[in-house]
Every structure is written in structure tokens, then in C-alpha cells.
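*Asks:* 3D model of this:
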Amino acid sequence: MGEKEKARAAMKQYGVPILPGSDGVIASETEALEWARKIGFPVIVKASAGGGGRGMRVIRSEEELPGHFHAAQSEAASAFGNGDLYMEKFIERPRHIEFQILADSYGNVVSLGERECSIQRRHQKLLEEAPSTQVTPELRKEIGDVLVKTLSQIGYINAGTIEFLMDEDRKLYFIEMNTRIQVEHPVTEMTTDVDLVKSQIMIAAGAKLADVLLGPIVFRGHAIECRINAEHPEKFTPSAGKITAFHVPGGTGVRVDTHQYAEGVIPPYYDSLIAKLVVRGKDRDEAISRMARALEMFIVEGVHTSIPLHRRIMADPDFRSGNFDTKFMERFLSQTHKK
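*Replies:* Predicted coordinates:
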């Protein structure tokens, strides 16, 4: 399930909706052109072994295909040691929705609902929330039931995240599965009160899901996570250096996951994530208000961070109304630069 094209084939076999795409890895530029003509432009090529937006290119015409195809191959080989690519139909203005599951060694699988991950830049998520405003209780149950059945039949064991794109008609299409814990897992923990990392460890030790969960999944309130990165909030360039002041917010419904501290040094060699700020409210409006307040209280000095960017997002009318998709940041940043 960690190899994207194999996961795609398995999901298709068990009836999970997938985007039109190639039947396996594309061996050459010529084959890529054949598939693109069959699927219809625009298409997107993706690294079979990849993630995080690397080895991924949108191709809108036959003229663009050679350059983008070879660039994606090269980037995938450099990033993952595997240059294999596959192709899918490209949806212009999708929402990015993912479902969290847990599966034990005895064929038991449970869905812990979805997360909304559409606020992203260059395929890198900036903030996440649960639940999604676009997923009805009926759709949540429908997709959850299909995933439980599918992953039980496959024999999957562990925590895992199944990622979907949602089109303008609110139809979900499987794109990939992350066979691990994810950065945004705390929003699911905050809305289900299930410790996902503890659950992983118990499952690996041979525990049954019934002993891990101790009851049915109950969804409660709304949670939002902001990724606090050590980078310039508009240029998105990394900001390494020494932290001179570090104060995290607290209070009801506020959680901060971090390893940083005052006088800590951020080196230039690693991912820029330095903290995850997570809040829960009784509903989405309260969660947004609580996050806005927590961001005002979060103090990091000595390096640039994404905190000012998140403050502006929390105040944005489209974000607050839930009217956004994966192109949100392009519009948001263009408006910011005009001001």
C-alpha cells in the first residue's frame, strides 16, 4: 500500500473510486503521451515511490509533456531512488480529503473519520482540520465502510491514511495511501480522543483493536492544526539560526507539539517544521477563534516563522466560510502581495 501504483490497483479492485489513469508505471515518454491522449489533458504524473509533492508535474498539453515527464522522473529518482512514474487525470480545483484508519493483526479495521487538508502550497500542507465541512455524515460512513472492508481484505496492519481528491460535485477519488503516522494526526486525536501513536505501538505488540480503543469511535467538536515552520512567512525560504525567545500558548482546547525551546538552534539541514499548534472547539467557529488567539500568544524570536501567515489565514473570509480548495493559497498570496 506504500507503493502508489500498487495501492491504486488494489483500491480499484475492491471498488474504491479512483481517478482515470495509467494501468501501472509508465515506461517511456511515448507511453506517457499515449496515456495522456487516452485520459485527456490536463493530466498529472506522480512518483510511484514518492510523496510531499516531489516527482509530480501537471501536464496541460502534448508540447509540455516531454519536459515535464523527464523532470518528474529525474526528481523522483533523486528524492526516492526510484524514478517510476504513473499518470492520473488532473482535477483543476479539488479539495484534499483524507481518512484515518487503524488496523490490527486480526483483520479488524476502524475508520476515525476524515481530515480537510486543502490549505497547501506546492503540495505541502500548511494547516489541517477535522472534520471537513464538505463531508456529510452519510458520505463519512459510506467511505469509512468501504475502506474498512477493503483494508481488512488486503490484510493491512498499522495506522494509515487514505488520501482522496474531492471534485466540485463532492465525489471522492482515491489518490494514495500513507502507511504511517502523519504530521496532521493530532486533529484526529483531538476530535476522537484516540491516541494514534499509542495505538500503533499496541497494535505492533499484538493487541486487538477492541483492547486498543475500549469502545466505539465518538466524534466530538472541531479541531485545527497549524504547522509552525521556521521560514519566512511570505517568501517561504528557510530561516535557520538561534531561537532567542520561545513561548507557547496554553489554555482549554490548546495543544502544542514541539521539541524547541529558548536558546535552541535550528540547523539548515532538516525539514523546517518546529511546532504543531492544535486547537479544539465545540464547533468550527470556536476552533477558528481559539486558533487565532493561540497564534497571537505564540512567541518565537530569533528566526522567521509561519505564525504571521497563519494569523492572516484565520482572518480570511473565504477560509472562515469554508469556501476554499487546493488553489486557496495562490489566490490568498496574490491578494496579500497586492496589498
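
*Asks:* so where do the helices sit in the stretch 51-200 of the chain?
*Replies:* Counting by DSSP state H, counting those that start in this stretch, one finds helices in the stretch 51-200 of the chain at the ranges 65-80, 137-154, 185-192, 196-204.

*Asks:* Contacts for stretch 61-81, please.
*Replies:* 29, 32-33, 36-37, 41, 45-50, 54-59, 82-85 (CB atoms under 8 Å, 6 or more residues apart in numbering). (Each C-beta comes from the backbone N, C-alpha and C, glycine too.)

*Asks:* Look up which helix or strand residue 291 falls in, please.
*Replies:* For residue 291, the host element (DSSP states H and E) is helix 284-297.

*Asks:* what packs against that helix?
*Replies:* Here helix 284-297 touches strand 222-229, strand 273-281, helix 307-315, going by 3 or more CB pairs under 8 Å, 6 or more residues apart in numbering; DSSP states H and E.

*Asks:* Could you figure out how far the helix or strand of the chain with the lowest mean pLDDT is turned away from helix 307-315?
*Replies:* Using mean pLDDT, DSSP states H and E, the weakest-scoring helix or strand in the chain turns out to be helix 328-338, at a mean of 84. Between helix 328-338 and helix 307-315, the angle comes out at 110 degrees (axes from the mean of the first three to the mean of the last three CA atoms, to 10 degrees).

*Asks:* Can you list the buried residues in helix 328-338?
*Replies:* 328-329, 332 (16 or more other CB atoms under 10 Å).

*Asks:* try stretch 186-204
*Replies:* Going by 16+ other CB under 10 Å, stretch 186-204 has these buried residues: 186-192, 194, 196, 199-200, 202-203.

*Asks:* try stretch 248-257
*Replies:* Under the neighbour-count criterion of 16+ other CB under 10 Å, stretch 248-257 has 248-249, 253-256 buried.

*Asks:* That one: end-to-end distance?
*Replies:* 10 Å (CA to CA, to the nearest Å).

*Asks:* repeat for stretch 97-116
*Replies:* End-to-end distance (CA to CA), stretch 97-116: 5 Å.
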